[in-house]
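Enquirer: What follows is a predicted structure for the sequence shown.
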Amino acid sequence: MTGCNRSAFVPARPLVQIRLGVATEYAGLDLSVEVDEGGWLVRVRDRNDGRTLYRGQRCSLGAGKIAAAEFAALRANAPAAWSSPESIALHLDWKPYW
């Protein structure tokens, strides 16, 4: 993957580190996209045993959601009705956390 073209939002370093991101569940997998120093950290974990199945870096929250949805859809053999990772990411119920 090539580097980001623009700087990612990086909040000022607080005395206590606060995690900021969004998370959802799809096909037995936990998906999360979280702010980190390099941009947005994407993680997909197995709900049963907590193993990290995918971890990646993206330049934006939207790109992170799409990457997580794409990995989850391929892993779960998503129904053809949702023809794209963008469509899946759009329809998932992403909940913010911090």
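Expert: Looks like it came in fine.
Enquirer: Between the two ends of stretch 66-86, how far is it?
Expert: Distance between the two ends of stretch 66-86: 5 Å, counting by Cα to Cα, to the nearest Å.
Enquirer: what's next to it, contact-wise?
Expert: With Cβ atoms under 8 Å, 6 or more residues apart in numbering as the test, stretch 66-86 has contacts from 26-29, 31-33, 42-44, 53-54, 56, 58, 88-89, 91-92. C-beta coordinates here come from the backbone N, C-alpha and C atoms, glycine included.
Enquirer: filter those residues to the buried ones?
Expert: Those of the contacts of stretch 66-86 that meet the buried threshold are 26, 29, 31-33, 42-44, 54, 56, 58, 88-89, 92, by 16 or more other Cβ atoms under 10 Å.
Enquirer: which residue is nearest the centroid of the chain?
Expert: Centre of the chain computed as the mean C-alpha position; nearest residue by Cα atoms, centre = their mean is Val33, 3.4 Å away.
Enquirer: List the residues that contact that one.
Expert: Counted by Cβ under 8 Å, 6+ apart, Val33 has contacts 21-23, 40-43, 58, 61, 64-65, 68, 94.
Enquirer: In TSV, list the residues you listed along with pLDDT, secondary structure and distance to Leu74.
Expert: Below are the contacts of Val33 laid out as TSV (pLDDT from 0 to 100; DSSP: H, G, I helix; E, B strand; the rest coil; distance: Cβ to Cβ, whole Å):
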residue	pLDDT	secondary structure	distance to Leu74
Gly21	97	strand	22
Val22	98	strand	20
Ala23	98	strand	19
Trp40	96	strand	20
Leu41	96	strand	20
Val42	98	strand	14
Arg43	97	strand	16
Arg58	96	strand	17
Leu61	96	helix	21
Gly64	97	helix	16
Lys65	97	helix	15
Ala68	97	helix	11
Trp94	97	coil	19
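Enquirer: By neighbours, which of those residues wins?
Expert: Ala68 (30 neighbours; other Cβ atoms under 10 Å).
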